[in-house]
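Peer 1: 3D model of this:
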Amino acid sequence: TLTKLCLALITGATGLSLYAGESRAVDEADISKILNDVRTKHKFPGLAVLVVKDGVICERAAVGVRKQGDSALLTTNDIFHIGSCTKSMTATLAAMFIEEGKLRWDTTIVEIFPEWKGRMNKQYESVTMEQLLQHRGGVPGSPPSTAWKEAWKEKGTPTEQRLVFIEAVLTKPPKATPGTKTIYSNQGYAIAGAMLERIAGKPWETLMQEKLFKALHMDSAGF
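Peer 2: The predicted structure follows:
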C-alpha cells in the first residue's frame, strides 16, 4: 500500500516518470530525494520503491528508518509485511476447497459454525462464503470495539484468537443487509479464513504454507 501511495504521490506531485523506456531517466539519487520529500511530508518512518518492467528490476531505493524512534536505516533488502494480498490467497484457498468438494460458494457461516446459531446476529446466519469474499456479507469495514479489545490481548493460538475476534464481530448487527452493498472488510475475510480452518482442521497459516507457498515456491513468504 505504501509503495502504491508512494508511486502515486511521486508521479502526481512531480511529473517525473519512474518507468523504464520513458524519455527522462530517473536515477537512485533522484528517487531517494523524491521519497524523502514524501516521507517527510506524510511523517512516514520509511519508504521503499521498486520499479519492474517486463520482469526486470529497473530502479530501487529506500529511505528512512525501519521503525519509528529507531536508528536502524531501511534498506532495499528489507522484507516488508504485505497485508491485503492475503485476501486473494484466502479466496484462492476457498476455490481449491470448492474444487475438492469440501466447500460450496453458497456455504453459510452457520453451516460451518452451527454452535453459534442463536448467538450470532440472525442476519449473519445466511451469509455465504461467496458474499464474504466479495465484501458483500454486510460485515463492517471497522470491527466493533469489543473485537479490537479481545484482539489486542493476543490470548491463545492464532486460530483461537480469530475465533474470539469473529465471534465479537458476528454478535453485532451487520453494517448493511447482507448481499445489498459492497463494504471492504478485513473482518469478512477473517470470518472466511476461520471457516476454512474449521473445514480443514488446520490453522490458516499451515494451509497457506501447504496449499500456496509450497506449490508456488514462495520460499521467503511468512507471517
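Peer 1: Can you get me the start-to-end distance on stretch 39-51?
Peer 2: 18 Å (Cα to Cα, to the nearest Å).
Peer 1: what's the answer for stretch 193-213, then?
Peer 2: The straight-line separation of the ends of stretch 193-213 (Cα to Cα) is 16 Å.
Peer 1: Could you pull out the buried residues of it?
Peer 2: Along stretch 193-213, these residues count as buried under the neighbour rule (16 or more other Cβ atoms under 10 Å): 193-197, 199-200, 203-205, 207-209, 211-213. Placement of C-beta: from N, CA and C, glycine included.
Peer 1: One more: stretch 177-194?
Peer 2: Judged by neighbour count (16+ other Cβ under 10 Å), stretch 177-194 contains these buried residues: 178, 183, 185-194.
Peer 1: now stretch 55-71
Peer 2: Of all the residues in stretch 55-71, those buried under the rule 16+ other Cβ under 10 Å are 59, 61-64.
Peer 1: could you redo the residues you listed as JSON lines and give each row secondary structure?
Peer 2: Listed next are the buried residues of stretch 55-71 as JSON lines, based on DSSP: H, G, I helix; E, B strand; the rest coil:
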{"residue": "59", "secondary structure": "strand"}
{"residue": "61", "secondary structure": "strand"}
{"residue": "62", "secondary structure": "strand"}
{"residue": "63", "secondary structure": "strand"}
{"residue": "64", "secondary structure": "strand"}
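Peer 1: returning to that earlier point: so which of the buried residues of stretch 177-194 are in helices?
Peer 2: 186-194 (DSSP state H).
Peer 1: Looking at the residues you listed, spot the one nearest residue 97.
Peer 2: Compare each of those with residue 97 using Cβ to Cβ and the shortest gap goes to residue 192, at 10.7 Å.
Peer 1: For burial, what's the neighbour tally of the closest residue in space to the closest one that isn't next to it in sequence?
Peer 2: Nearest residue to residue 192, sequence neighbours excluded (Cβ to Cβ, 6 or more residues apart in numbering): residue 132, at 4.4 Å. Other residues within reach of residue 132, judged by other Cβ atoms under 10 Å, total 28.
Peer 1: now do the one 5 residues further on
Peer 2: By the criterion of other Cβ under 10 Å, residue 137 has 29 neighbours.
Peer 1: same question, residue 219
Peer 2: Every residue meeting other Cβ under 10 Å relative to residue 219 is counted, giving 8.
Peer 1: With adjacent residues omitted, what lies nearest to it?
Peer 2: Spatial nearest neighbour of residue 219, excluding adjacent residues (Cβ to Cβ, 6+ apart): residue 213 at 7.6 Å.
Peer 1: Give the helix, strand or coil label for residue 50.
Peer 2: Going by three-state DSSP, the secondary structure assigned to residue 50 is strand.
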